[in-house]
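Visitor: 3D model of this:
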Amino acid sequence: MKISFYAILIPFLLTACLHGMAQTPIPKLTDRSKKGILSYFKTIVNNKQVIVGQQCSQSPDVSLEYKKNFQRLYDSTGKYPALIGLEYGWFANADLQKENEYAIKHWQQGGLVTISWHADCPFKDGYDVRWDAIANKDAIDLKKLLKDAPDSKEKASYRAELNNIAKALKQLKDAGVMVIWRPFHEMNGNWFWWGINDAKNPTNIKDYAALWIDMYNVFTKDYGLNNLIWVYAPNIAGNSYPAPAVFYPGDKYVDIVALDNYPKVPAFDDYPALLKLGKLVTDGEVGPHQQSYGKFDEMEVLNTYKGKAPYFLQWHSWTNAKVAIVDNVHFKELMNDNSAITLDKIR
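Guide: Down below sits the predicted model:
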């Protein structure tokens, strides 16, 4: 009895689809220039694939935080996230050289690097990042920090830190590392000193843009930092804060727009609003709301961002707060999912 070619082929294809064999293969990131990375991001969004990212920064000891949030995930799954999140601020004694060691190591292993900067408040004595921008609006004047502003104690404090940050980024440039750079985030909230000075009608929108553009010019012109992918990352608006796009500093100064969000269940609120800016939209920072600590469904995180964001960056755990990927549910399924891009799949 003769068996037709199609009688064999059709059942094979059906079986392949049922077992996920027909899924689009994850491309390798072979061009790690800025242009190449942005192009790769667009491709994987179209493929409905997502880069897995994990932040490491609860204390100034990055080695400890790496073990707790990053290495422990590998120890439990045999896979590292493709994206590592590091921090250049928050602590007065942050060791930028040690942060860079982890950035360079991960980059050389084929991964991607994103860095946040929780800058010290120059309008307050002592090192303080979380200074309420509404309660202290009379003491905060962002214009005083600009390069061409008159000399002042506040300007000197801020620009000293700015230059230290630039030098650390220059070290990464010299090592060939491209940095997904996320400064002055969540500016449409009031918990950081660079944030809104009024919940309904903020009057410091232009001042924020000027501060961003000043940093952009210092880094790109004064220090020649062409290794930065600039990320504008507001918080979700919710019912209390301005829309995420309100403080947008302009297309010339932004490569990606991102959204920070801590929901009870995975969500990508305000995604349609940010799409209107015409840039790639991604997740800047995600984690569970307090009610969902340790119960955040990592497969739902993945499904939330598929076809929309090229990556998500899950925040770290801290005392009594189970936020990191490894501290929540279905993290093994996430790290082994065909559409989740881990370090072994990107290189």
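
Visitor: which outside residues touch the longest helix seen in the chain?
Guide: Taking residue count as the measure and DSSP state H as the definition, the longest helix of the chain comes out as helix 153-174. With contact meaning CB atoms under 8 Å, 6 or more residues apart in numbering, helix 153-174 is reached by 88-89, 96-97, 99-100, 103-104, 113, 115, 117, 119-120, 122-123, 141, 144-147, 149, 179, 181, 215, 218-219, 222-228. Glycine gets a C-beta too; all of them are placed from N, C-alpha and C.

Visitor: make it 6 Å
Guide: For helix 153-174, the surrounding residues in contact (CB atoms under 6 Å, 6 or more residues apart in numbering) are 88, 96, 100, 103, 120, 122-123, 144-145, 149, 179, 219, 223, 225, 227.

Visitor: where's V52, which helix or strand?
Guide: Secondary structure assignment for V52, by DSSP states H and E: strand 50-55.

Visitor: now the helices for the stretch 51-200 of the chain?
Guide: Secondary structure of the stretch 51-200 of the chain (DSSP state H, counting those that start in this stretch): helices at 62-65, 72-77, 96-108, 153-174.

Visitor: so how far is the first one off the chain centroid?
Guide: The one in question is helix 62-65. If you compare the mean C-alpha spot of helix 62-65 with that of the full chain, they lie 18 Å apart, counting by CA atoms, centre = their mean, to the nearest Å.

Visitor: Mind listing what's buried along it?
Guide: When burial is assessed from 16 or more other CB atoms under 10 Å, helix 62-65 yields the following buried residues: 62, 65.

Visitor: in the longest helix of the chain, what's buried?
Guide: Taking 16+ other CB under 10 Å as the neighbour-count basis, helix 153-174 is seen to contain the buried residues 154-155, 157-159, 161-162, 165-166, 168-169, 172-173.

Visitor: Same list (the residues you listed) but as TSV, adding distance to I134 and pLDDT.
Guide: TSV is the format used below for the buried residues of helix 153-174 (distance: CB to CB, whole Å; pLDDT from 0 to 100):
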residue	distance to I134	pLDDT
E154	19	98
K155	23	98
S157	22	97
Y158	20	97
R159	25	97
E161	23	96
L162	24	98
I165	26	98
A166	30	98
A168	31	98
L169	31	98
L172	35	98
K173	37	98
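
Visitor: Of the residues you listed, just say which sits nearest to V52.
Guide: Within the buried residues of helix 153-174, the smallest distance to V52 is 21.6 Å, found for L172 (CB to CB).

Visitor: quick one on the thing from earlier: could you dump the helices of the stretch 51-200 of the chain to TSV with distance to V50?
Guide: Shown next, in TSV, are those (distance: least, CB to CB, whole Å):
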stretch	distance to V50
helix 62-65	23
helix 72-77	16
helix 96-108	18
helix 153-174	25
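
Visitor: just the strands in the stretch 1-150 of the chain please.
Guide: Listed from the start of the chain, the stretch 1-150 of the chain has strands (DSSP state E, counting those that start in this stretch) covering 50-55, 83-87, 112-117.

Visitor: how much space between W117 and L86?
Guide: Distance, W117 to L86, by CB to CB, to the nearest Å: 10 Å.

Visitor: quick one: K170 from A103, how far?
Guide: Spatial separation of K170 from A103 under the definition CB to CB is 13 Å.

Visitor: returning to what we had before: where does the longest helix of the chain sit relative to the chain's centre, distance-wise?
Guide: Using CA atoms, centre = their mean, the mean C-alpha position of helix 153-174 is found 20 Å from that of the whole chain.

Visitor: Indicate which one of the helices of the stretch 51-200 of the chain is closest to V52.
Guide: Ranking the helices of the stretch 51-200 of the chain by their distance to V52 (criterion: CB to CB) puts helix 72-77 first, at 9.0 Å.

Visitor: Export only the CA atoms of that closest one, formatted as PDB.
Guide: Presented in PDB, the C-alpha positions along helix 72-77 are these (Å, rounded to 0.1, in the frame of the first residue of the first chain):
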ATOM      1  CA  ARG A  72      20.100  32.000  43.500                       C
ATOM      2  CA  LEU A  73      17.900  32.000  40.500                       C
ATOM      3  CA  TYR A  74      20.600  30.200  38.500                       C
ATOM      4  CA  ASP A  75      21.200  27.800  41.300                       C
ATOM      5  CA  SER A  76      17.400  26.900  41.200                       C
ATOM      6  CA  THR A  77      17.000  26.700  37.500                       C
END
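
Visitor: So for it, mean pLDDT?
Guide: Per-residue pLDDT values over helix 72-77 give a mean of 97.

Visitor: Counting neighbours, what do you get for the closest residue to S292 other than its chain neighbours?
Guide: With CB to CB, 6 or more residues apart in numbering as the measure, K264 is the residue that lies nearest to S292, at 5.1 Å, once sequence neighbours are left out. Residues contacting K264 under the criterion other CB atoms under 10 Å number 12.

Visitor: what does D95 give?
Guide: Here the count is done by other CB under 10 Å, and D95 has 13 residues near it.
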